Every structure is written in C-alpha cells, then in structure tokens.
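*Asks:* What follows is a predicted structure for the sequence shown.
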There are 4 protein chains.
Amino acid sequence: MSSYLLVHAESDREYLRGPGEELQTDLGVLEVPEDVEHGQVLETHLGEAFHVRRLRGPDLFNHFERTGAPMMPRDIGLVIGHTGAQAGDRVLDAGTGTGVLSGYLGRIGAEVVTYEVDAEFAENARENMAMGGVSDRVDVRTGDLTEHLDDLAAGEPFDLLTLDTADAAAVVERAPDLLVPGGYVAAYTPFVEDARETELTAREAGLGTVETLETIQRELTVDERGTRPSTAGVGHTGYLLFARRID
Amino acid sequence: MSSYLLVHAESDREYLRGPGEELQTDLGVLEVPEDVEHGQVLETHLGEAFHVRRLRGPDLFNHFERTGAPMMPRDIGLVIGHTGAQAGDRVLDAGTGTGVLSGYLGRIGAEVVTYEVDAEFAENARENMAMGGVSDRVDVRTGDLTEHLDDLAAGEPFDLLTLDTADAAAVVERAPDLLVPGGYVAAYTPFVEDARETELTAREAGLGTVETLETIQRELTVDERGTRPSTAGVGHTGYLLFARRID
Amino acid sequence: MSSYLLVHAESDREYLRGPGEELQTDLGVLEVPEDVEHGQVLETHLGEAFHVRRLRGPDLFNHFERTGAPMMPRDIGLVIGHTGAQAGDRVLDAGTGTGVLSGYLGRIGAEVVTYEVDAEFAENARENMAMGGVSDRVDVRTGDLTEHLDDLAAGEPFDLLTLDTADAAAVVERAPDLLVPGGYVAAYTPFVEDARETELTAREAGLGTVETLETIQRELTVDERGTRPSTAGVGHTGYLLFARRID
Amino acid sequence: MSSYLLVHAESDREYLRGPGEELQTDLGVLEVPEDVEHGQVLETHLGEAFHVRRLRGPDLFNHFERTGAPMMPRDIGLVIGHTGAQAGDRVLDAGTGTGVLSGYLGRIGAEVVTYEVDAEFAENARENMAMGGVSDRVDVRTGDLTEHLDDLAAGEPFDLLTLDTADAAAVVERAPDLLVPGGYVAAYTPFVEDARETELTAREAGLGTVETLETIQRELTVDERGTRPSTAGVGHTGYLLFARRID
C-alpha cells in the first residue's frame, strides 16, 4: 500500500503519508483516512487544505529519507531506457542506499532483490519502500552482494543487474552466471577509473553490446531576451555501463 | 501476447517472431511453437540454432518496423525518469510514429492512448504493438490529437502526456484539463524554437516545475592506451520539456 | 608602456601598476620605479615584498576595471584560434566593453580599432588599454560602429572583425566590404536567436566557411578517490560565429 | 618570409607558395613573383586566376604537410587564451609534430624553441615553419626535450611551456625551473590517465592555478526548419592542463 503525496496548495509544501497515518505540521494535524484516494482534498484541524496525489518517481527522489546522495531521476531513467527494465523483470540490485532506484523499479512492476551493507541504511530503505508502496516487490537485504554471488548464481536468473557500489566490477564479472540470456547489467560509477574497470571486466566476462556512457544535461533558459543553455551549468553525476548477456 | 527475440548465436542475427509464426531466412525455416518460452533453443529445418529470449525495450527500438526516426532509448528513459512513468499510469501520447515510446510505456505497465495522423503509420504501429506484446495496453488511434482535446478533457484525466509532434504546444496548452493533479507532461522537440514555444506555453498554462533539458551523451573509449571520451561524438537528438500540473 | 603585475607572495594578492605609479594598501605604500623590470622584488615602506611580473592575458581578465561581464579567456582564445588573429592584423572590433578582447589582440601584435557606444565605458577601456600596455595599438572610439560602416568600408580593409554587440548582424552584413579577401569575422552572441540571425546574415552576405559553434568546458576533478568531470558544472557563455570573406 | 595562400576562386582550390616559387597543377603553371603582395591576382599560363592572400592560422592547419594529427585551431586557441601567449613571449614547446601550434605562436610574435624526437618530422616541421613565415621565430630542434631539461633550466627562463607529448609530466615536473615567475605551462593529453598524471605533477611541483579542462564543441545547425545543435556531434580531442609558476 503506497503513501500519497499531500500537497498544501498555497505554500507548495509537500509530505508523503500513507492511509491511517498522521501529518503534524504548523499547518495543523491531519489524519489520513484508511480509505484515502488520490484526487481528494483533506483538511487539517486548522482548516488548511491538502491535495492528495498519487506518488510518482520524482516524489520518491524528493521525499524519501536519504542515507547519502541517491541516484538522480535522470540516471534512473537512463538505466530504464538503455536496459528496457519492465514489468515482470527480476532485478538484482546493489547497493540500495536511499532506495530511489529500487522504488522506481518497483513502481514499473519489476521484482527487485537489493543488497545494502549498512544495516541502518537497509532499515531506512525498507521504510522508504513501504512509503513508496513497493514493499511487496522490493526485498531489501542487509549484506554484501559479493558474498552471496554463488548462492544467487545457483538460483533463478535475473533479467537485470543494477549496481551502484564501489566494487561493481566484482559483480559484473559474474553477470553471465546471474543473468538470463539477453539480460542486462547496468553499473553506475562516479569515477573514470571505476568506469574503466567495469568496462574491461564486462568485456572479459564475455558480455555483449558493452558501452560506458557519460551524460551531460543542461537546462534551457527561456526569457524575454532570448533562449540559451543555462549559464549555471549542470555537473557530472556518474558514468553508466551497460552490457548484455549475449550467449 | 508478446513476440520473442530469436537470436542466431553464431552470427548475432536477431529476429522478432511470435508464437505460431514462421521465420524464413537463408538459415532455413523455423516454426515458432505456440507454447514457446524464453530460454529455449529452436532449430531451423537446416539445423541452425536460434535462442529464444524475452523482449526488452532496446529490442523494440532495434526491430520494430520503422516509419521515421523513432525516439531513442536514452530519451525514452529520460521521459520515464523525469516523469516517473509507472505501472497503472494512464498515458496520452502523440504522435505514435514507430511506437517505440508507446511500446516501452506498455511494457512498464502503463495504459496508453496514442494518436498518429498518418493512417499507414498507425497501422504499422499497431503491428509493432502486437509484436511488442502490448496491444492490450496501447490503443493506437488514427487521427490528430489536437482535434480531440475537448472530448479527452471531458473524460477521465491522464497521469502523463507524452508529445513528439510539431504542434506539441497546442496540447501543452490544454495539459491542465487533461492531467490529474500532479500529472506530468513531457514534450520532445528537436528544434530550439519549438522548445522555447513549449516552455512558454507550459508556463502560461500554469503548469509547475517547468524545465526544458538538453542532453549530451558520449561513449567512453577504453583501450590499452588509456581512457577518453569517444572521438566520434554523439549528436543532438531533441530537447525535452517536463512540466507538472500543480493545482 | 605596460603595467606590471605586482604579486604579494605571502598572500597571493595582486595589483596592476605602471612605472612611476604608486600602490597604497594596508601592506604599505610602494612606489614603482620608472625603470622597473619584471623579475624584480619591490618593498613597501612597511617592508612587504612584492614580486614584479610581466602582464599576461589572464591578468587583464582578472584585473581590468570592469564595465559589464567581459569575454572570458576561453572565448577570446577560441576567437584567436578559429580566425588565426596574428601580429600585424588590422582588427575592427565592437563593442569594447571592458576591453579584455582588445587587450589580448593588442598583446599579440594586432592593430585594433574598437567602438564603444557608452562614453564612460570607452574612457574606462582606454585606461585599461594603458594599463595593458597596448594604447599604441588599440584605438578605442566612442560611438556606434553601425553608424560608421560606410566610412570604414571606404578605407583600408581589415583582416578581422570581432563583434560582441546586440546588433552584430548589421555589421556581419557589411563584412565583405570591410574585410580583405580571406579575412574573418567572429561574432559572439549569448542567445540562440541572435546566433541564428548572424549565421543567416553571414550566408546571405556571401561569406564562406560559415559556422556557429557552442563550447562546453568542464574542469576535471582529480583527487585520491579518482578522476571525474567536475560536479560543479560550467555554464554557457555564448555562441561564436566564424565566417570568412572568400572572394 | 611567409608563403601566401593562392586561391582559385572558381573551384575554391587553395595552395601555399612563397615568393619565387612555382605552382604546377592541371590549372596550369604559375610563377609567384619575388615581389608578390596579398590582394594581387596571378594567372597561370592557361589563364586561370589565383587570388593572393595573406596566410592565417587556419591556413597553416589546412595546408601544412602533416606528420600525424596536428593540434586543432580550437585547442591552439584555448592554449593562447588560457595562458595569454603574446608577442615577445619566449616559448618552450614539445613535441613539434606538424608544427601548427608553433606556427600560430610564431605568427602572434612569440619566440619558440620546439623539440621533435623524430628527425624526419622535425625536418618537415622546419619546412612548414618556412612556409608559415616564422622560421626566424621558431627554432625546431631534433631531440627529446626531457634530455635537455638541465641545460634549459640553466639558461634564460621561458614565459610559456607548451607540451603535446606522451611524457609531458616529466617536463611539468621541472616547470618551476624553466619558467619565469607568472609563466604558464599548458599540456595537451588525449587520455584521462595522462591528464591525471600531469595535474598531480603540476600540484606536486608547486605550480599555482592548476586546472585541467575538457572542451566539447558543437556546431549549431541553422535551417528553415529551425535551429539546433548539430546531430553529427563533435568528438573529444584532448584534455588541456594549465598551471602557473606563482612564486
């Protein structure tokens, strides 16, 4: 059961709350009914109106409790676009972190097993998955994925591996044992040295269509003087490796 | 019912075929069984082996019959990432074209109504949707979306508008009438003049979090001499506008 | 006669002063000898040491008194690289602004006539030219270049036109009358609408090798964790048009 | 004495020839007079007209006999812009290669000593310097700069070091001994590993304002449909390190 986005229209302030939960702010106390539906308008005891909206991916990014810098919607989108992540996919993910990627994947209908080494981060991610309405589809496991590779390789294969860890290469090396034929691995690496290592490891592992992409995104500034790319600039986030099991 | 990707391992040649269909190539004739499952290996009458794989988004992009340049996996991914397109979403799309975006959206569990003005293109897109296994979730309508805005605005609202047409601004203008609160519009425009128009229209329409993004993606070249961005370069595809109904 | 860069080594503070001038700061008073030479160390009356250095282009950018945002060293460099600006060139420039571009051009041995409509800006630029040691090679004229085109076209032709004004297109139109055969025009335009207009005007004027370039520059971040493009991002400055008189 | 650019107007074909030299093509034989001046029109014995133009930097890039891929006008410009290379500068350069950078530096009035390990390349570069009219200002030495560092450090210091060699870091390390205070080093490195090494070496050597820049340049496409960045893309050339002796 998902939370909803509660939006105070006058101030643009937003909160995530689930059915039966309470919102306490300086705008008053608001009890979210068990049978709440998006499109409704709820009022606090002070008469402040909150609009109830269905959650969407960017809301997960904006409102999940964070344990470090989560992957951005743009990079999550690129993972989905380049791998064709889809409903029914079995996904193996590490490391969970805040869980925004897992949340997105759950909300497009994928079944996700995700590993997080930090027990507190894992617990926080589980709460985020509950808030994101994907607890039934995202299994957050506390632990180091690289210690479970043999077990996982012996089990049912995955359609997709998504990696955002410092030792991604150690998992990429085993990708052929973990993936269905035609399945993808996506690895996110902030530094070029790691990007190089994952690329070389993917090739040595015999994966196909190996490519490492760098993405620069800029906002277009539109005003009465004219149109131009933003002078503010948008910085580097990470390199994305994509490779596919081809045998 | 989806097609499958049939891969001839020795030559890397790939074909999409559905259950009960026939593949005729110089590698021989192959009848796809009605109960085919991914993971199987099928043989042609000449004994050539084809591996059966589940379809993924990039396969739609590579194998759909094209009627013009389809949106690329990278841009489709950005649409999904920035709007949080998800299972259960009701999406209104125009123009269909080859239907790769619609196919991706269908495969993440969204329900799509898509308009294509060219009747032949629309028919081709319907065949692509069948091949992509999303005929039940993607309704390809022949016609000009801008002529149906009043009817659509009077009906059930959409979670997402995705536009890849020359007159996107005419639809963006009506986005508040077509979207649920919190719903997104995404518009893809190759030229900066159209990007400017859609941005200004989105603002005038009262939409929120309006931004137009330009994306530059480069491949990293990794070889024994070192690592560097590709000298080949990757060109511009289009600007992407994102905006959200905030009231 | 050029100023020198006076650098207080302990604090990295820098000042431009010419022979015979005085520097008064909280570090004490320093009289610059008439026969000062770079490489010397001068002391204030409080005994603070200042190193005397020869001026270089980036010093002009950092220390010229500004009247608006000057063109950046990177864009000045691109103008020089793409046009081959060189010693002995006769350059016609507008608008002068702070005069950093003119200063650079003077210091590579070009003879520059530059127009600035704002009388105060022009006077400031003249002082900057004196400080930059290029007063004898840069003629800062107060006025609007577009009102002098006929006179200038009747005179000795220029090797190079450099334009950083809102009405650059009006000058580009006359470039064939102002340039020697093989001479270049370079126009800097922050907005894409102006970039389009200058490009179309250059083509209509019959200029050759017309191209409008956009430059994105990023700093590489190197630390113990690894190497990556800066996460800070570098924003847009302007489009640069280059075209050449080919007849 | 410089060559001139001889342009056949009807065909846009161009050749570099000096006073007293002969041009033999299918358009006929043309003797360039000893007292040739730019602006003249010369005719071949077949009556084909060639326009005589003064050389400019991009002509060096287009017409110098090549021994490998020369540095591009854009990168040469960035070197000049970021270091303020100027008339009167003493420049130490390696490796010469085709000599386009040296030619540009000579034509802005700098005195250049440049090292090229390959004797044939060095001889070719000397011929290019003659053609470029900068033989008196560019001293092409056959040899490995790294073997001459002690001698050079004992001599008159340089205002600028420009490096385009695989072992640039070995020279950057000695930059404080080779440069005047306030002098710059610029190093061009295609691969990120070398860029990292030169950056770290520059810092360890105690140089100031150390930065490594990556430049992406795109052409703007302007046609009747609208304006957009080129879909063709422009690839990576190299990283540029800039650092300054600050003591």
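*Replies:* Received, thanks. Residues are numbered from 1 along each chain as shown, chains lettered A, B, ... in the order given.

*Asks:* Give me the neighbour count for residue A:71.
*Replies:* 25 (other Cβ atoms under 10 Å in any protein chain shown). In short, each C-beta sits where N, CA and C put it, glycine included.

*Asks:* Pretty sure it sits against residue A:164.
*Replies:* Yes - Residue A:71 is within contact range of residue A:164, at 6.1 Å (criterion: Cβ atoms under 8 Å).

*Asks:* Need the overlap of contacts for the two.
*Replies:* Counting by Cβ atoms under 8 Å, 6 or more residues apart in numbering or on different chains, the residues touching both residue A:71 and residue A:164 are A:97, A:101, A:188.

*Asks:* did I read that right, the second one in a helix?
*Replies:* Yes - if the criterion is DSSP: H, G, I helix; E, B strand; the rest coil, then residue A:101 is within a helix.

*Asks:* Model confidence for it, exactly?
*Replies:* Looking at residue A:101, its pLDDT reads 98.

*Asks:* quick one, what contacts it?
*Replies:* So residue A:101 contacts A:70, A:71, A:76, A:79, A:93, A:162, A:164 (Cβ under 8 Å, 6+ apart).

*Asks:* of those residues, closest to residue A:151?
*Replies:* Nearest to residue A:151 out of the contacts of residue A:101 is residue A:93 (Cβ to Cβ; 16.0 Å).

*Asks:* wait, isn't the closest one in contact with residue A:116?
*Replies:* No - applying Cβ under 8 Å as the test, residue A:93 and residue A:116 come out as separate, 9.3 Å apart.

*Asks:* For chain A, what lies in contact range of chain C?
*Replies:* Taking Cβ under 8 Å from any Cβ of the partner chain as the contact definition, chain A meets chain C at A:190-194, A:214, A:216, A:218, A:225-237.

*Asks:* ok, 6 Å please
*Replies:* For chain A, the residues in contact with chain C (Cβ under 6 Å from any Cβ of the partner chain) are A:190-193, A:226-236.

*Asks:* Where does pLDDT dip in chain A?
*Replies:* Chain A contains residues with pLDDT under 70 at A:1, A:233-234.

*Asks:* Please report phi then psi for residue A:78.
*Replies:* Torsion angles at residue A:78 (phi, psi; degrees, to the nearest 10) stand at phi -60, psi -40.

*Asks:* Around the residue lying closest to it once chain neighbours are set aside, how many other residues sit close by?
*Replies:* The shortest distance from residue A:78 to any non-neighbouring residue, by Cβ to Cβ, 6 or more residues apart in numbering or on different chains, is to residue B:77 (4.7 Å). Using other Cβ under 10 Å, residue B:77 has 25 other residues around it.

*Asks:* residues contacting residue B:77?
*Replies:* Neighbouring residues of residue B:77 by Cβ atoms under 6 Å, 6 or more residues apart in numbering or on different chains: A:77, A:78, A:80, A:81.

*Asks:* can you give me the strands for chain A?
*Replies:* A:4-8, A:13-17, A:22-25, A:28-31, A:41-43, A:49-54, A:90-94, A:111-116, A:138-142, A:158-163, A:179-189, A:208-223, A:226-229, A:239-244 (DSSP state E).

*Asks:* do the longest one and chain D meet?
*Replies:* No - against chain D, strand A:208-223 shows no contacts by Cβ under 6 Å from any Cβ, the least distance being 7.5 Å.

*Asks:* Run a quick check on residue A:124 versus residue A:68, I expect a contact.
*Replies:* No - using Cβ atoms under 6 Å, residue A:124 is not in contact with residue A:68; the gap is 10.2 Å.

*Asks:* what about those two, which has more around it?
*Replies:* Taking other Cβ under 10 Å, residue A:124 and residue A:68 do not tie; residue A:124 has more neighbours (21 against 10).

*Asks:* Relative to residue B:80, how far out is the residue nearest the centre of chain A?
*Replies:* Residue closest to the mean C-alpha point of chain A, counted by Cα atoms, centre = their mean, is residue A:101 at 1.0 Å. Distance, residue A:101 to residue B:80, by Cβ to Cβ, to the nearest Å: 12 Å.

*Asks:* residue contacts, residue A:208?
*Replies:* A:244, A:246.

*Asks:* Any figure for the gap between residue A:94 and chain D?
*Replies:* Note on residue A:94: its distance to chain D, by Cβ to the nearest Cβ, to the nearest Å, is 26 Å.

*Asks:* which neighbours do residue A:124 and residue A:68 share?
*Replies:* In contact with both residue A:124 and residue A:68: no residue, using Cβ under 6 Å, 6+ apart.

*Asks:* Ignoring the adjacent residues along the chain, who's closest to residue A:157?
*Replies:* residue A:180 (4.5 Å).

*Asks:* Count the residues that sit near the one you found.
*Replies:* Counted by other Cβ under 10 Å, the residues lying close to residue A:180 total 18.

*Asks:* Need the phi and psi values for residue A:87.
*Replies:* phi -60, psi 140.

*Asks:* residues near the closest residue to residue A:143 other than its chain neighbours, how many?
*Replies:* Of all residues not flanking residue A:143 in the chain, residue A:115 sits nearest, at 5.5 Å (Cβ to Cβ, 6+ apart). Applying other Cβ under 10 Å, we find 24 residues neighbouring residue A:115.

*Asks:* So which bits of chain A are right by chain B?
*Replies:* So chain A meets chain B at A:51, A:53, A:56-58, A:73-74, A:76-78, A:80-82, A:84, A:86-87, A:107-109, A:181-182, A:192, A:195-196, A:199, A:211-220, A:222, A:227 (Cβ under 6 Å from any Cβ).

*Asks:* Was I right to think the residue nearest to residue A:157 contacts residue A:156?
*Replies:* No - if you go by Cβ under 6 Å, residue A:180 and residue A:156 don't touch, sitting 9.1 Å apart.

*Asks:* Give the residues shared as contacts by these two.
*Replies:* Contacts common to residue A:180 and residue A:156, judged by Cβ under 6 Å, 6+ apart, are absent.

*Asks:* so how far is residue D:229 from the residue of chain A most remote from its centre?
*Replies:* Centroid-distance maximum for chain A: residue A:225 at 38.0 Å, with Cα atoms, centre = their mean. From residue A:225 across to residue D:229, the span is 20 Å (Cβ to Cβ).

*Asks:* mind putting the contacts of residue A:101 in a markdown table, distance to residue D:152 included?
*Replies:* Putting the contacts of residue A:101 into a markdown table (distance: Cβ to Cβ, whole Å) gives the following:
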| residue | distance to residue D:152 |
| --- | --- |
| A:70 | 52 |
| A:71 | 50 |
| A:76 | 54 |
| A:79 | 52 |
| A:93 | 56 |
| A:162 | 54 |
| A:164 | 49 |
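
*Asks:* Kind regards, and thank you for your time.
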